[in-house]
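Novice: here is the input, now give the coordinates:
(one chain, ligands or ions: 1)
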Amino acid sequence: MSAIAKPEEAKPPSPAPSSPRQKKAYAIDTELVYTESSDQYRSSSVPIYQTATFKQDSLTNMGEYDYTRSGNPTRSHLERHMAKIMNASRALAVSSGMTAMDVIARLLKPGDEVIAGDDLYGGTNRLLKYLSTNQNIKVKHVDTTNNAAVEAVLSPNTRMVLLESPTNPLIKIVDIRGLTAAAHKRNPNAIVVVDNTMMSPLLMSPLDLGADIVYESGTKYLSGHHDIMAGVIAVNSLELGEQLFFTINASGCGLSPFDSWLLLRGVKTLAVRLEKQQSNAELIAAFLEGAGFKVRYPGLKSHPGYDLHWSMARGAGAVLSLETGSVEVSERIVEATRIWGISVSFGCVNSLISMPCKMSHASIDPKTRAERDFPEDLIRLCVGIENPYDLIEDLKIALVKAEVVTIDDEGNIHKKA
Ligand code: PLP
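Specialist: Down below sits the predicted model:
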C-alpha cells in the first residue's frame, strides 16, 4: 500500500482545536493545564499552524480559516483557553500588552472622555498622551484610589475608565467594583477597562468585579519567561468582542502562531510559578519592613489598601516597592545586587530589580512625576522563583554595600536613621 493515503482514506482535516468549555469547570490551577483538542493525531501539545494561508474547499466554501491575520487554529486554541481562564465569553490574543491597549483605544471617537489613574504604566500613559494630543480624546488623570475624586470627574461624556490595581509601581489599591458601578451609573455606555497584568487571572478576575474589558500584558506572568511579547484582551459582551476583533483583523496585530503556542505553553505553569513568586515576595516584604524600610506590598497588613485588595483578589502578587530616602542610595543598592537582574518588566521566573523613575516610567516627565507624588528613590522588586533566602541574602549584601543599614550582633540589619 502506498505511503501516500488516497483522498478517501486520508484522515479528516485537522479540526479547529478548542477548549470546549468557555467557563471554568475546575479550580483555576487545574484549568490552566487542562485543554481539550480534537487534533486528528491526539497530540498532547497543540500543533503550531505556521501558515499564512489556508486552502479553500471550493470557490464558495471558505472553511473556518482562510488567512492568519483573520484567524489561525493555534491562536484560536490559545484564545479559547484564555477566555476560560479569564472567566470571559471571548478572549483575543495580540502582539503585546500595549497592542491590547491600542486595540481597546480604537473604540474611542474624537471628543470622547477617558478617565485614567495617575499611577499608570508608563507606556499606557504615553499612548493616552498621544491620543489626547493628536486624536482629540480628552484624558483626565485622577487618583483612582480616591472614589470621590473619580466620581467628581465622571460625566455622561465619560466613554472609558481605565483602571489598574495594584498600580505599578506605587502599589496603590483601586476599588474596581465600586468605580465600575459608579461609572456605569453615571453613563451606562461607559466602558470600564482593567489592566490586570500585575495580578494575572490566577489572582484576580476583573470581569467578575463588573469590568467590561480586561487586558493583560502576556509578556509578564502569563508567559513567565520573558521570551515573548504578547497581549490578551477578554470581554463578556460579544458585541464588544466583535468590535475589538474588527481592529485586530483590520490592522493585523493578532499574535503569531509560534508566539501563541509559546504563550499557551507558558500559561500552563502560571499557578506553580506565581505561587512560588508570591511566597518569596511575602518573605522579602517582611524582611525589608522588619529592617525599617517603607515597603509597598498588599500582602503586608501595614498597606493602607490591604482590606480592599483582599476583597477583590486571591493573592498579593510578586511585585513590591521600597523607598530608601535617597536616589543615590537606591542607585547603589540596585547596582550592588547580583541575583536580582537590573531590568524593566516583571512576571519572569528570575528576580528583577529596577528604579522606575529611570527605567519603566522614565517616559513620564519629571514634573508630572512630582505632581503625582512619585518617589524618585523608589526601587521596584519583581520577585522570581529562586530560593528566597538567596534573594534575601543578596539584598542584604547590597544594602550593606550601599551603607544604608547597620548589622547587629545577631546578623540582623537595621535601616540607618
Ligand atoms: N501594563 C502593565 C501594567 C505593564 O507593566 C506593561 C509593560 O510593562 C504593559 C501593560 C505593556 O505590556 P507590553 O510590554 O507587553 O506591551
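Novice: residue of the stretch 101-250 of the chain nearest the ligand, please.
Specialist: Nearest to the ligand, among the residues of the stretch 101-250 of the chain, is Ser217, at 3.0 Å (Cβ to the nearest ligand atom). From N, CA and C alone the C-beta is placed, and that goes for glycine too.
Novice: burial measure for that residue, as a count.
Specialist: By other Cβ atoms under 10 Å, 28 other residues sit near Ser217.
Novice: tell me the pLDDT at it?
Specialist: We have a pLDDT of 98 for Ser217.
Novice: report the buried residues of stretch 121-139.
Specialist: Buried positions in stretch 121-139, judged by neighbour count with 16 or more other Cβ atoms under 10 Å: Tyr121, Gly122, Gly123, Thr124, Asn125, Leu127, Leu128, Lys129, Leu131, Ile137, Lys138, Val139.
Novice: could you report the separation of the second one from Gly97?
Specialist: In this case it means Gly122. Computed as Cβ to Cβ, to the nearest Å, the Gly122 to Gly97 distance reads 12 Å.
Novice: phi, psi of the nearest residue in space to Glu151 that is not next to it in sequence?
Specialist: Sequence neighbours aside, Ala182 is the residue nearest to Glu151 in space, at 5.3 Å (criterion: Cβ to Cβ, 6 or more residues apart in numbering). Per-residue torsions, Ala182: phi -60, psi -40 (degrees, to the nearest 10).
Novice: contact partners for the residue in the stretch 51-200 of the chain that the ligand sits nearest to?
Specialist: Nearest residue of the stretch 51-200 of the chain to the ligand (Cβ to the nearest ligand atom) works out as Gly97 at 2.3 Å. Shown in contact with Gly97 (Cβ atoms under 8 Å, 6 or more residues apart in numbering): Gly123, Asp195, Thr197, Tyr215, Glu216, Ser217, Gly218, Thr219, Lys220, Met229, Ala230, Gly231.
Novice: now do 10 Å
Specialist: Contacts of Gly97 were listed using Cβ atoms under 10 Å, 6 or more residues apart in numbering, and they are 121, 123-124, 195, 197, 215-220, 222, 229-233.
Novice: just the helices in this protein please.
Specialist: Secondary structure of the chain (DSSP state H): helices located at 28-33, 73-85, 97-105, 122-134, 147-153, 176-186, 200-203, 238-251, 257-267, 270-290, 306-312, 327-336, 366-371, 388-401.
Novice: mean pLDDT lowest for which of the ones you listed?
Specialist: Among the helices of the chain, helix 366-371 carries the lowest mean pLDDT (a mean of 85).
Novice: which parts of that helix are buried?
Specialist: Of the residues in helix 366-371, Arg369 count as buried by neighbour count, 16+ other Cβ under 10 Å.
Novice: for the stretch 251-400 of the chain, what lies in contact range of the ligand?
Specialist: Ser345 (Cβ under 6 Å from any ligand atom).
Novice: how about the stretch 251-400 of the chain: which residue is closest to the ligand?
Specialist: Per Cβ to the nearest ligand atom, the residue of the stretch 251-400 of the chain with the smallest distance to the ligand is Ser345, at 5.3 Å.
Novice: pretty sure that residue contacts Gly218?
Specialist: No: judged on Cβ atoms under 10 Å, Ser345 makes no contact with Gly218 at a distance of 11.9 Å.
Novice: so between those two, which is more surrounded?
Specialist: More crowded of Ser345 and Gly218, by other Cβ under 10 Å: Gly218, with 32 against 14.
Novice: how about that one, nearest residue that isn't a chain neighbour?
Specialist: With Cβ to Cβ, 6+ apart, the residue lying closest to Gly218 is Ala230, at 3.1 Å.
Novice: distance-wise, check the residue nearest to Glu151 relative to Val161.
Specialist: Applying Cβ to Cβ, the value for Ala182 to Val161 is 9 Å.
Novice: can you check Asn249 too?
Specialist: Here Asn249 is placed at a distance of 26 Å from Val161 (Cβ to Cβ).
Novice: what's the local residue count around the closest residue to Cys348 other than its chain neighbours?
Specialist: Spatial nearest neighbour of Cys348, excluding adjacent residues (Cβ to Cβ, 6+ apart): His226 at 4.3 Å. By the measure other Cβ under 10 Å, the count of residues near His226 is 17.
Novice: ok, now the one 5 residues further on?
Specialist: Here the number of neighbours of Gly231 (other Cβ under 10 Å) works out to 27.
Novice: just give the number of residues close to the closest residue to it other than its chain neighbours.
Specialist: Distance criterion Cβ to Cβ, 6+ apart; nearest residue to Gly231, sequence neighbours excluded, is Ala100 at 3.4 Å. Ala100 sits with 30 neighbouring residues when counted by other Cβ under 10 Å.
Novice: so what's Ala100 up against?
Specialist: By Cβ under 10 Å, 6+ apart, the neighbours of Ala100 are 92-94, 193, 195, 197, 213-218, 230-234, 244, 248, 253.
Novice: quick one: Asp175 and Ala149 touch, right?
Specialist: No: between Asp175 and Ala149 there is no contact under Cβ under 10 Å: 11.6 Å.
Novice: returning to what we had before: what residues are shared contacts of Ala182 and Val161?
Specialist: The overlap between the contact sets of Ala182 and Val161 (Cβ under 10 Å, 6+ apart) consists of Val150, Leu154, Ala190, Val192.
Novice: reformat the residues you listed as CSV; add distance to the ligand and neighbour count.
Specialist: As requested, the shared contacts of Ala182 and Val161 are arranged in CSV below (distance: Cβ to the nearest ligand atom, whole Å; neighbours: other Cβ atoms under 10 Å):
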residue, distance to the ligand, neighbour count
Val150, 19, 25
Leu154, 23, 21
Ala190, 21, 23
Val192, 16, 24
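Novice: any idea which of those is closest to Phe293?
Specialist: Minimum distance to Phe293 across the shared contacts of Ala182 and Val161 is 30.4 Å, recorded for Val150 (Cβ to Cβ).
Novice: residues contacting Glu216?
Specialist: Counting by Cβ under 10 Å, 6+ apart, Glu216 touches 82, 86, 91, 97, 100, 194-201, 206, 222, 230-234, 347.
Novice: got the angle for the longest strand along the chain vs helix 122-134?
Specialist: Longest among the strand segments of the chain by residue count, using DSSP state E, is strand 158-164. What separates the directions of strand 158-164 and helix 122-134 is an angle of 160 degrees, with axes from the mean of the first three to the mean of the last three Cα atoms, to 10 degrees.
Novice: strand 158-164: how far from the chain's middle?
Specialist: Counting by Cα atoms, centre = their mean, to the nearest Å, strand 158-164 is centred 16 Å from the centre of its parent chain.
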